[in-house]
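In: My questions are about this predicted structure, shown below with the sequence.
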Amino acid sequence: MEETMEGPGESDIAPAVLAIGRPVFPQALIDTLRRIAGVDHCMVFTFADERTARCLLDIGNIPIGPDLGAAYSSHFHLADPNRDVIFRERASVSPIVLPTFARRMYSARYAKIFFEDADIVDKFATAIWVEHTCFYANFYRTISQGRFNSEQVARLNRIAPGVGATVARHFQAQIAPDHNPFHKLELLFSTIAPLTHLTGREREVCLRILSGFSSEAISADLAISLQSTLTYRKRAYRKLGIASQNELFAIALRLLTSLHGLN
């Protein structure tokens, strides 16, 4: 039986739009996509040229998401059939809705790594070019959910232009040469291990710790209980192999220094 989607209007992406430029953007985006079309996981990549890709966002319920982002960015993007469409439409000023997902479009190796091993059974993708940079957003469904039904696909088609523009607006600052330290921190948590091993909430809590928020302030900003904040912090520290705020700052400083050296 196909799922039915109830709730706010299908084009209501206001929560994601209002979160542009804020640490809560990843969670606001996935929450919006889940509410409107039952999206299980979201990944955003950027292309500046035909040989280079970078993962800007990985959030949702796929545990190996960070590994997929790293593998895609390193070389598998060259085998993505959507890439040809994206670069063919490079002159377009409107968001691009990519072809309907079909497993036969992908090589056996690509399909095994990016679909079978990750339990992904369906995806919807959109891309938008902003001057010389492309932002490529992918929305996934896993085995536990089943494929997108026709109503969900229709909803994704309707919101794709708005979502693409929203994603581009949020991440433009991160990839700009003069992006500020907080945007650099967001980039670290989205792209560099071991920070990419954290869940969305764990990342949000750690970002606020690094920004000087107290536990109480984090709870208020994220609209969660103090106990939840402490739990997310504990889980994050355990995954990072640390036990204190000072050690979190040390990791961030080391990675920021490394990132600066690559620019």
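Out: Happy to help now that I have it.

In: give me the number of residues near Asn149?
Out: By other CB atoms under 10 Å, the residues close to Asn149 number 18. In short, each C-beta sits where N, CA and C put it, glycine included.

In: Please enumerate the helices of the chain.
Out: Along the chain, the stretches classed as helices by DSSP state H are 14-18, 25-37, 65-74, 81-88, 108-111, 150-175, 181-191, 200-210, 215-222, 226-240, 245-262.

In: among those, which gets the worst mean confidence?
Out: With a mean of 68, helix 181-191 has the lowest mean pLDDT of the helices of the chain.

In: domain parsing for the chain?
Out: 14-175, 181-262 (automatic domain parsing).

In: most tightly surrounded among those?
Out: Among the domains of the chain, ranked by average contacts under mean count of other CB atoms under 10 Å, first place goes to domain 14-175 (a mean of 18).

In: Please compute how far that domain lies from its chain's middle.
Out: 8 Å (CA atoms, centre = their mean, to the nearest Å).

In: picking up where we left off before, how about TSV for the helices of the chain, with distance to Ile96 added?
Out: Shown next, in TSV, are the helices of the chain (distance: least, CB to CB, whole Å):
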stretch	distance to Ile96
helix 14-18	19
helix 25-37	18
helix 65-74	18
helix 81-88	6
helix 108-111	20
helix 150-175	8
helix 181-191	22
helix 200-210	26
helix 215-222	33
helix 226-240	36
helix 245-262	29
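
In: Just tell me which of these ends up closest to Asp49.
Out: When these are compared by CB to CB, helix 81-88 sits nearest Asp49, at 9.2 Å.

In: ranges for the strands of the stretch 1-150 of the chain?
Out: Remark: strands assigned in the stretch 1-150 of the chain by DSSP state E, counting those that start in this stretch are 41-49, 52-60, 96-97, 120-130, 133-142.

In: Could you tell me which strands the last one is paired with, and in which direction each runs?
Out: Each strand that strand 133-142 pairs with, and the sense of that pairing, follows from DSSP bridges: strand 41-49 (antiparallel), strand 120-130 (antiparallel).

In: which residue sits closest to the residue nearest the centre of the chain, ignoring its sequence neighbours?
Out: By CA atoms, centre = their mean, the chain has its centre lying nearest to Leu57, at 2.6 Å. Excluding its sequence neighbours, the residue lying closest to Leu57 (CB to CB, 6 or more residues apart in numbering) is Val44, at 3.9 Å.

In: you'd agree Ala19 is up against Ala28?
Out: Yes: in this structure Ala19 lies within contact range of Ala28 using CB atoms under 8 Å: 3.7 Å.

In: Quick one: residues contacting Leu18.
Out: Ala28 (CB atoms under 8 Å, 6 or more residues apart in numbering).

In: Kindly report the same for the one 4 residues further on.
Out: For Arg22, the contact set (CB under 8 Å, 6+ apart) comprises Ala28.

In: Asp221 contacts Phe213, correct?
Out: Yes: counting by CB under 8 Å, Asp221 touches Phe213, with 6.7 Å between them.

In: excluding its backbone neighbours, what's nearest Ala193?
Out: Excluding the flanking residues, the one nearest Ala193 by CB to CB, 6+ apart is Pro66, at 6.7 Å.

In: separation between that neighbour and Ile59?
Out: Between Pro66 and Ile59 the computed distance is 10 Å (CB to CB, to the nearest Å).

In: How about Phe213?
Out: Taken as CB to CB, the span from Phe213 to Ile59 is 20 Å.

In: How about Val17?
Out: Using CB to CB, Val17 is found at 17 Å from Ile59.

In: what's the answer for Trp129, then?
Out: 23 Å.

In: I figured Phe139 hits Cys42, correct?
Out: Yes: here Phe139 reaches Cys42: they are 5.5 Å apart, a contact under CB under 8 Å.

In: which neighbours do these two share?
Out: Leu33.

In: residues contacting the closest residue to Arg235 other than its chain neighbours?
Out: Spatial nearest neighbour of Arg235, excluding adjacent residues (CB to CB, 6+ apart): Glu202 at 5.7 Å. Shown in contact with Glu202 (CB under 8 Å, 6+ apart): Tyr232, Arg233, Arg235, Ala236, Lys239.
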